[in-house]
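Chemist: what follows is a predicted protein model with its sequence.
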Protein chains: 2
Amino acid sequence: MTDPAETSSPALELRYGTPGLPPGPSNPVINAILAHRSYRHFLDRSLEPGALETIVAAASSAPSSSNMQTWSVVAVEDPGRKDRLATLAGNQGFIRQAPLFLCWIADLSRLERMGEAHQQRLAGLDYLESFMVALVDAALASQNALVAAESIGLGGVYVGGLRNRPKEVAAELNLPPKAFGAFGMAIGWPDPAARAEVKPRLPQSLVLHRETYGMAGEDAAVAGYDEVLAGFSEENGMGRADWTGRMLKRVAGPESLSGRHTMTETLRAMGFPLK
Amino acid sequence: MTDPAETSSPALELRYGTPGLPPGPSNPVINAILAHRSYRHFLDRSLEPGALETIVAAASSAPSSSNMQTWSVVAVEDPGRKDRLATLAGNQGFIRQAPLFLCWIADLSRLERMGEAHQQRLAGLDYLESFMVALVDAALASQNALVAAESIGLGGVYVGGLRNRPKEVAAELNLPPKAFGAFGMAIGWPDPAARAEVKPRLPQSLVLHRETYGMAGEDAAVAGYDEVLAGFSEENGMGRADWTGRMLKRVAGPESLSGRHTMTETLRAMGFPLK
């Protein structure tokens, strides 16, 4: 008899919504990462002392392009400010409920200030490449932060809605030019009464390519994923919408981007020429 | 007597190059994240079976904007292809040495193909916002992958040089339009003979802001970090260059961006109008 533990992994099965992946190496770090789910319902309870600093140390531990560290994070706990940011970010109530709302900043302003202090104009900051570096730096830092937060029992969710009205967000957070609120992250103690399941992702055949990018079998794999996600949504009381249908609506046109179709002009006005 | 374990954390001290942060929560996940270092010297040894799939499952477990999953990864193991990619990415030899070179793709092409299959033109993909979503999706996925790889004893390093010549990289990887090699990641078994230390990061006073963005004390904190990093560099045989000096050179102007100052035109040519 074969030991089931050697032929399947419950964590991988949940992650993809199907069995099939051979079991690989496993340890507490991998188990924690595979078990990620987004939480949008929080208890009325603060973080423990030192938790925020540890979460930020995890963020700082992420790689950074040329060690430029072109990110910052604004930790918002004030109820009034959370309320205003929630309104700006698509009026999402869980931002008000979470004890901590982290605003992750793509931040070229620190380097600019260093240049000014040394009477040097840093023209390299004006290029799209530098904005991309800052965005990726902020993303890597934030993901480390989320994994660390989850490891101590907290839960959270990214908030792309922070990009709906970037100038108002910058005003609320007192951001200088060349600092952009790239995304938010609501963090708190998950409410055990609310459901939060591991969401199945696209099968590896669609995202993992060997040696070169391939598209063979893509249509069938997408159709299979549509089935998996429709079943998952139905089980979780969200109706049986398939992934393809949702995606086609989500990027149908400028009107489907929640106001973010003006991002180029907005960023230019915020100090990123995007040359 | 106070227990030293309760008043300082060796992992945090290494991360910042100074004592001072109060100890916070600790567990194997946090310890693994805090201990990150970049490896650029690898043993001549392949990954274990199932490791790549587990690393990609970790990547897939990262949050994704609206579950769009606008990323892909091309896993390159072929020595000839690694050699050519190493040449394109700033001729960095460790890419040839690593058994695995992951190319992380900001990938809007999958959604575009879904639109085509349904005779729908997805104009939302043409906006800078959508490119940013893809870049952040790829970044979150890649960071989960790196943490997972490190947890099983592998080491790695990001390779921003993959953006030096994006069109040639796309040709080598057979990327379709709307797929962009955002960064590489060399992965392998660290060579214990080569030095790789935890690099100190900016103090939390510079990256963590409470309620609103603040700059008080910034000059002194940067000067302190210059000292810390100069000491670290000297100890590691890299000369006593300070951070400020390096940064001012790194973003001095278009000529300091390793060819990436043409990113806007390059991306437009690769199918990202960046409206």
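Modeler: All right, it came through fine. Numbers count the residues shown, from 1 in each chain, chains lettered A, B, ... in the order given.

Chemist: could you tell me the end-to-end distance of stretch A:227-245?
Modeler: 12 Å (C-alpha to C-alpha, to the nearest Å).

Chemist: ugh, wrong one, stretch A:62-70
Modeler: OK, stretch A:62-70 end separation, C-alpha to C-alpha: 12 Å.

Chemist: chain center to the lengthiest helix in chain A: distance?
Modeler: Longest helix of chain A, by residue count under DSSP state H: helix A:128-151. Distance, stretch centre to chain centre, for helix A:128-151: 8 Å (C-alpha atoms, centre = their mean, to the nearest Å).

Chemist: same deal with stretch A:28-39?
Modeler: 14 Å.

Chemist: likewise stretch A:248-255?
Modeler: Counting by C-alpha atoms, centre = their mean, stretch A:248-255 comes out at 20 Å from the chain centroid.

Chemist: the longest helix of chain A near chain B anywhere?
Modeler: Yes - Helix A:128-151 lies within reach of chain B by C-beta under 8 Å from any C-beta of the partner chain, at A:128-130, A:132-133, A:135-136, A:139-140, A:142-144, A:146-148, A:150-151. For glycine as for every other residue, the C-beta is placed from the backbone atoms N, C-alpha and C.

Chemist: for the next helix or strand after that helix, what is the distance to the chain centroid?
Modeler: Counting by DSSP states H and E, the element after helix A:128-151 in chain order, helix or strand, is strand A:155-159. Computed by C-alpha atoms, centre = their mean, the chain-centroid distance of strand A:155-159 equals 7 Å.

Chemist: may I see the buried residues of stretch A:73-89?
Modeler: A:73-76, A:81-82, A:84-86, A:88-89 (16 or more other C-beta atoms under 10 Å in any protein chain shown).

Chemist: returning to that earlier point: quick one, the longest helix of chain A and strand B:155-159 angle?
Modeler: Helix A:128-151 runs at 150 degrees relative to strand B:155-159, counting by axes from the mean of the first three to the mean of the last three C-alpha atoms, to 10 degrees.

Chemist: in helix A:128-151, what counts as buried?
Modeler: For helix A:128-151, burial by neighbour count (16+ other C-beta under 10 Å) applies to A:128-151.

Chemist: run a quick neighbour tally on the closest residue to A:Leu21 other than its chain neighbours.
Modeler: Spatial nearest neighbour of A:Leu21, excluding adjacent residues (C-beta to C-beta, 6 or more residues apart in numbering or on different chains): A:Leu12 at 4.7 Å. Neighbour count of A:Leu12, defined by other C-beta atoms under 10 Å in any protein chain shown: 24.

Chemist: packing partners of the one helix or strand A:Leu12 maps to?
Modeler: Element membership of A:Leu12 [criterion: DSSP H and E] is helix A:10-16. Using 3 or more C-beta pairs under 8 Å, 6 or more residues apart in numbering or on different chains; DSSP states H and E, the elements in contact with helix A:10-16 are helix A:28-34, helix B:51-60.

Chemist: quick check: closest non-adjacent residue to A:Glu112.
Modeler: A:Lys178 (5.3 Å).

Chemist: apologies, that question was intended for A:Ala117.
Modeler: What sits nearest to A:Ala117 in space, not counting adjacent residues and going by C-beta to C-beta, 6+ apart, is B:Asp219, at 6.4 Å.

Chemist: now do the SS call for the one you found.
Modeler: Per DSSP: H, G, I helix; E, B strand; the rest coil, the local secondary structure of B:Asp219 is helix.

Chemist: for it, give its distance to A:His118.
Modeler: Distance of B:Asp219 to A:His118, given as C-beta to C-beta, to the nearest Å: 11 Å.

Chemist: report the buried residues of the helix holding A:Leu12.
Modeler: Neighbour-count burial for helix A:10-16 [16+ other C-beta under 10 Å]: A:11-12, A:14-16.

Chemist: okay if I get those as a markdown table plus pLDDT?
Modeler: Output for the buried residues of helix A:10-16, formatted as a markdown table (pLDDT from 0 to 100):
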| residue | pLDDT |
| --- | --- |
| A:Ala11 | 92 |
| A:Leu12 | 93 |
| A:Leu14 | 94 |
| A:Arg15 | 96 |
| A:Tyr16 | 96 |
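
Chemist: nearest to B:Asn31, of those residues?
Modeler: Distance to B:Asn31, by C-beta to C-beta, is smallest for A:Ala11 among those, at 20.6 Å.

Chemist: OK, contacts around the residue nearest to the closest one when sequence neighbours are not counted?
Modeler: Nearest non-adjacent residue to A:Ala11, counting by C-beta to C-beta, 6+ apart: A:Leu34, 4.2 Å away. By C-beta atoms under 8 Å, 6 or more residues apart in numbering or on different chains, the residues touching A:Leu34 are A:11-12, A:14-15, A:198, B:57-58, B:61.

Chemist: kindly recompute the last result at 7 Å.
Modeler: A:11-12, A:15, B:57-58, B:61 (C-beta atoms under 7 Å, 6 or more residues apart in numbering or on different chains).

Chemist: domain map for chain A?
Modeler: Per automatic domain parsing, the structural domains of chain A span A:1-35, A:51-195, A:198-257.

Chemist: okay, those, which one's buried deepest?
Modeler: Compared across these, domain A:51-195 shows the largest average neighbour count, a mean of 22 (mean count of other C-beta atoms under 10 Å in any protein chain shown).

Chemist: tell me the contacts of A:Pro28?
Modeler: Per C-beta under 7 Å, 6+ apart, neighbours of A:Pro28: B:28-29.

Chemist: distance to B:Met114 added to the contacts of A:Leu34, as CSV?
Modeler: Listed next are those as CSV, based on distance: C-beta to C-beta, whole Å:
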residue, distance to B:Met114
A:Ala11, 28
A:Leu12, 25
A:Arg15, 22
B:Ala57, 23
B:Ala58, 25
B:Ser61, 22
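
Chemist: just give me the closest of these to A:Cys103.
Modeler: B:Ser61 (23.6 Å).

Chemist: so A:Gly217 is in contact with A:Ser205, correct?
Modeler: Yes - counting by C-beta atoms under 7 Å, A:Gly217 touches A:Ser205, with 6.3 Å between them.
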